[in-house]
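Colleague: Structure for the following, please:
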Amino acid sequence: MTALNPRQKLMAAGVMSALLALAAAVSSGSLTNGARIIVGALAVAGLATWVLKQKGLPLTGRFAQTPRLQVVQKIGLSARAGVALIEVDGRSFLVVHGDGVPRIRRVSSRAAVMAQTLKEASS
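Modeller: Next up is the predicted model:
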């Protein structure tokens, strides 16, 4: 199922509220009761979303804000060569780049923590 864009969500909410108001008017109820039902339903939906987020259960893809690639630290070795420590999906890699083809090596998590500590200490 594809996610709805904001315009489609607004249109769906408008149609639902119009149908609810029509149903309240036909059944000799008041529009105030229909509005109370809409607000109550939205409150329950918001509470359910909050509970799912607190439990760490995955929501739709657009709520995931985790960056897939992050440059932790870069150091220049010369004018045209350097070393970079990067993280891709939680795994650390050391990239040596310069005149030739870049070389990529996997780094243990302990080395990544040490590099981050050194970066913070030098700042």
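Colleague: What count of nearby residues applies to residue 82?
Modeller: Look at residue 82: counted by other CB atoms under 10 Å, it has 15 neighbours. C-beta: built from backbone N, CA, C; applies to glycine.
Colleague: phi, psi of it?
Modeller: phi -160, psi 170 (degrees, to the nearest 10).
Colleague: What separation do you get for it and residue 102?
Modeller: 10 Å (CB to CB, to the nearest Å).
Colleague: Likewise for residue 4?
Modeller: From residue 4 to residue 102 the distance is 42 Å (CB to CB).
Colleague: same deal with residue 74?
Modeller: Distance of residue 74 to residue 102, given as CB to CB: 13 Å.
Colleague: that older thread, overlap in contacts of residue 82 and residue 102?
Modeller: Overlap of the contact sets of residue 82 and residue 102 (by CB atoms under 8 Å, 6 or more residues apart in numbering) consists of residue 96.
Colleague: What about residue 16, how many residues nearby?
Modeller: 12.
Colleague: where along the protein do the strands fall?
Modeller: Secondary structure of the chain by DSSP state E: the strands cover 69-76, 82-88, 91-97, 103-107.
Colleague: Could you dump the ones you listed into a markdown table with mean pLDDT and distance to residue 13 added?
Modeller: Below are the strands of the chain laid out as a markdown table (pLDDT from 0 to 100; distance: least, CB to CB, whole Å):
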| stretch | mean pLDDT | distance to residue 13 |
| --- | --- | --- |
| strand 69-76 | 88 | 37 |
| strand 82-88 | 88 | 39 |
| strand 91-97 | 87 | 42 |
| strand 103-107 | 85 | 49 |
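Colleague: Residue 15: which of those strands is closest?
Modeller: Residue 15 sits nearest to strand 69-76 of all these, at 41.4 Å, using CB to CB.
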